[in-house]
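Undergrad: predicted model and sequence below, questions to follow.
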Amino acid sequence: MSTPRDEVVSANDHAGTPGVRKGMETRFQKSEQMVTALLESAGQAIISIDSTGRIVLANRRAEEIFNYTREELVGARIEMLLPESKRGGHAQQREEYFSRPRVRPMGIGMDLMARRRDGADFPVEVSLSYVEIEGSVFAIAFVSDISQRKQLEEQLVHAQKMEAVGRLAGGVAHDFNNMLTVISGYTRMILDELSTLDPLREYAEEIGRAADRAGAITNQLLAFSRRQVIQPRIISVNTVVGQTEKMLRRLLGEDIQLALNLRTGVGNIKVDPNQIEQAIVNLAVNARDAMPSGGLISIETENVHLDEEYTKHHLGVKPGDFVMIAMTDTGHGMAPETRQRIFEPFFTTKERGKGTGLGLATVYGMVKQSGGDIWVYSEPGKGTTFKLYFPRVTESETEVRSWQEEPAPTRVRETVLVVEDEKPVRDLTVRMLRQLGYTVLSASSGAEAMEISNSYAGRISLLVTDVVMPQMSGRQVADALLAKRPDLRVLYLSGYTEDTVIHHGIQSGVDFLPKPFSRETLSQKLSEIGKAGGAGAC
């Protein structure tokens, strides 16, 4: 009986016989089929050229990436797959490579571009290898289309830049709101002392109006930085969009047509309705300015599902069910370099004095703060489309409780502890509370507040504290005081809050008053707290 090794030896000894030769040819054909299968299943484009630059081999992926058929590729010059700016020097580079062929990567850590059949350039990474057949050397290029990766890298860089600018904007707005609180508060007090006939009254009123306008700008900065104080509730998108129609028609003018396409059955979302209205108005104003000679603005709503394919191209978005608000205009559109910067605060293409550059930045921040995504498509001369996506919820609309104006309380005979690290704001708040009839204790820090609480024998009804302070935050101060005074009510003040306080605190019933605030708004808030009763901390 022969062994397998005996069979091999026998086959080698009789390789010239017809049967053995046929078997070898069959194995060779199968091997060739295997190589072909590997080429066709590869995720990279594989292209081989000879020393003259002629393409001698191309796989299926090469057809897909470059949009040429294999018949068009094989026999053509490799330069047709390069950008025009790279074609002139390629012959010399090719000659250098064939004089010393080697395996090496290209494009890693550098920008390397290729060109499709339609003339579009796209980023690639290339690895080079070679093979020698019958004395001739052939170069083999393994080409990866990295367009998607580049897009995600750009989104990441953009998101990091926007986050850094947002932190700066939020910090500036917080400090500015402290100053505006003092300006607005003392202006109100001056007006209280001035007669209606006093010529200085007009000046004080103008200061107050300027402070209000400055406050509106800081609110936009806070919206962009996602530190705006929001009061989200379940709303119907169609209802909110429909309620803005009359206002938009007045705002846009007669030369701008407005068309609403609100699909039936569109789901609910959980956002601050005021932010949605503000976003729609900002986008509409932006669209109007892009159509100086008139045009059409279309607003539509629709239920959409964003799948994993969408999220691959949009950083930070999770797959799921969303509600879309889309606004399309027939304006002059935007170039790519403009489109990449439109959400940056203070970036504007308008003339000096025609815009603050905060409108689209505000929309961006609002959408992101609500857990959604914003997408824009625009080409010069072809108009612009903005699509806003908000996570869809199954809950019913939240009923809105209306609060009627209440007169300011008089001589309430309650003791309030004010904790504020900014002395001008602290002094103003103390004065306001005393004018409203409260007995006021004040502290510049959490530690001082603890000392006052420990030494004060009487009842402290209310803690009014800033949210962001050194050493002890407002929340920490409240927790420490509530441990010893469980019936204490708490009112938080701040020019901004962190997202955790915004989303979890207010939803849990935290009483919050954003800066800047007037004596009237402080009085109204205290009246609401008094009616609600109980501790206001969460």
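TA: Arrived safely. Numbering: from 1, shown residues only.
Undergrad: let me know how buried Gln92 is, in neighbour terms.
TA: When counting by other CB atoms under 10 Å, one arrives at 9 neighbours for Gln92. Placement of C-beta: from N, CA and C, glycine included.
Undergrad: helix or strand: which one has it?
TA: helix 90-99 (DSSP states H and E).
Undergrad: and the residue nearest to Leu39 when sequence neighbours are not counted, how far is that from Ala204?
TA: Leaving aside its chain neighbours, Leu39 sits nearest to Asn59 (4.4 Å; criterion: CB to CB, 6 or more residues apart in numbering). Noted for Asn59: a distance of 79 Å to Ala204, by CB to CB, to the nearest Å.
Undergrad: in PDB, list the C-alpha atoms belonging to the helix holding Gln92.
TA: Below are the C-alpha coordinates for helix 90-99, written out as PDB (Å, rounded to 0.1, in the frame of the first residue of the first chain):
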ATOM      1  CA  HIS A  90       3.700  61.900 -11.500                       C
ATOM      2  CA  ALA A  91       5.900  60.500 -14.300                       C
ATOM      3  CA  GLN A  92       9.100  61.400 -12.400                       C
ATOM      4  CA  GLN A  93       7.700  59.900  -9.200                       C
ATOM      5  CA  ARG A  94       6.700  56.700 -11.100                       C
ATOM      6  CA  GLU A  95      10.200  56.400 -12.600                       C
ATOM      7  CA  GLU A  96      11.800  56.800  -9.200                       C
ATOM      8  CA  TYR A  97       9.600  54.100  -7.800                       C
ATOM      9  CA  PHE A  98      10.200  51.600 -10.600                       C
ATOM     10  CA  SER A  99      14.000  52.200 -10.300                       C
END
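Undergrad: pull out the buried positions in that helix.
TA: Buried residues in helix 90-99, counted by 16 or more other CB atoms under 10 Å: 94, 97-98.
Undergrad: counting by contacts, list what the helix or strand hosting Ile325 packs against.
TA: Using DSSP H and E, Ile325 sits within strand 320-329. With contacts defined as 3 or more CB pairs under 8 Å, 6 or more residues apart in numbering; DSSP states H and E, the packing partners of strand 320-329 are helix 237-243, helix 273-289, strand 295-306, strand 384-393.
Undergrad: need the ones you listed in a markdown table (columns: mean pLDDT, mean neighbour count and distance to Lys423).
TA: Below are the helices and strands packed on strand 320-329 laid out as a markdown table (pLDDT from 0 to 100; neighbours: other CB atoms under 10 Å; distance: least, CB to CB, whole Å):
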| stretch | mean pLDDT | mean neighbour count | distance to Lys423 |
| --- | --- | --- | --- |
| helix 237-243 | 89 | 18 | 42 |
| helix 273-289 | 83 | 20 | 32 |
| strand 295-306 | 92 | 18 | 48 |
| strand 384-393 | 91 | 20 | 42 |
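Undergrad: who touches the closest residue to Ala141 other than its chain neighbours in this structure?
TA: Sequence neighbours aside, Ile47 is the residue nearest to Ala141 in space, at 4.9 Å (criterion: CB to CB, 6+ apart). Ile47 is in contact with 55, 57-59, 62, 73, 78, 81, 140-141, 143, counting by CB atoms under 8 Å, 6 or more residues apart in numbering.
Undergrad: among the residues you listed, which ones are in helices?
TA: Counting by DSSP state H, the part of these found in helices is 62, 73.
Undergrad: just to revisit the earlier point, measure the residue nearest to Leu39 to Leu197 for me?
TA: Using CB to CB, which is the criterion applied here, Asn59 is 90 Å from Leu197.
Undergrad: do Pro380 as well
TA: Applying CB to CB to Pro380 and Leu197 gives a distance of 58 Å.
Undergrad: how about Arg104?
TA: According to CB to CB, Arg104 and Leu197 sit 88 Å apart.
Undergrad: same check on Phe98?
TA: 96 Å.
Undergrad: again, but for Val477
TA: Distance of Val477 to Leu197, computed by CB to CB: 45 Å.
Undergrad: more neighbours, those two?
TA: Val477 (28 against 6).
Undergrad: so the more buried one is in which element?
TA: Using DSSP H and E, Val477 maps to helix 474-484.
Undergrad: centre of the chain to that helix, how far?
TA: Put simply, helix 474-484 sits 34 Å off its chain's centre (CA atoms, centre = their mean, to the nearest Å).
Undergrad: who touches it?
TA: Counting by CB under 8 Å, 6+ apart, 417, 419, 446, 449-450, 453-454, 460, 463, 465-469, 472, 488, 490, 492-494, 501, 505, 535, 537 sit against helix 474-484.
Undergrad: what of stretch 458-465?
TA: 414-420, 429, 433, 438, 441, 449, 453, 474, 477-478, 481, 485, 488-493, 526, 529.
Undergrad: one more time with 7 Å, if that's ok
TA: Residues from elsewhere that reach stretch 458-465 (CB atoms under 7 Å, 6 or more residues apart in numbering): 414-419, 429, 453, 474, 477-478, 481, 485, 488-493.
Undergrad: do the same with stretch 244-259
TA: So stretch 244-259 is contacted by 260, 277, 280-281, 284-285, 288, 291, 294-298 (CB under 7 Å, 6+ apart).
Undergrad: for Leu522, see how far away Gly446 is.
TA: Taken as CB to CB, the span from Gly446 to Leu522 is 21 Å.
Undergrad: try Gly474
TA: From Gly474 over to Leu522 the distance is 16 Å, taken as CB to CB.
Undergrad: more crowded one of these two?
TA: Gly474 (26 against 21).
Undergrad: what about Ile235, how many residues close to it?
TA: Ile235 has 20 neighbours, counted by other CB under 10 Å.
Undergrad: tell me the contacts of it?
TA: Taking CB under 7 Å, 6+ apart, we find Ile235 in contact with 268-269, 271, 273, 397.
Undergrad: one more time with 8 Å, if that's ok
TA: By CB under 8 Å, 6+ apart, the residues touching Ile235 are 268-271, 273, 276, 397-398.
Undergrad: element containing it?
TA: Since the elements are taken from DSSP H and E, Ile235 ends up inside strand 233-236.
Undergrad: for the stretch 351-500 of the chain, just list every one of the helices.
TA: 359-369, 423-435, 446-455, 474-484, 499-500 (DSSP state H, counting those that start in this stretch).
Undergrad: CSV please, covering those helices and showing mean pLDDT and distance to Gly242.
TA: Listed next are the helices of the stretch 351-500 of the chain as CSV, based on pLDDT from 0 to 100; distance: least, CB to CB, whole Å:
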stretch, mean pLDDT, distance to Gly242
helix 359-369, 77, 19
helix 423-435, 87, 40
helix 446-455, 92, 47
helix 474-484, 89, 39
helix 499-500, 42, 30
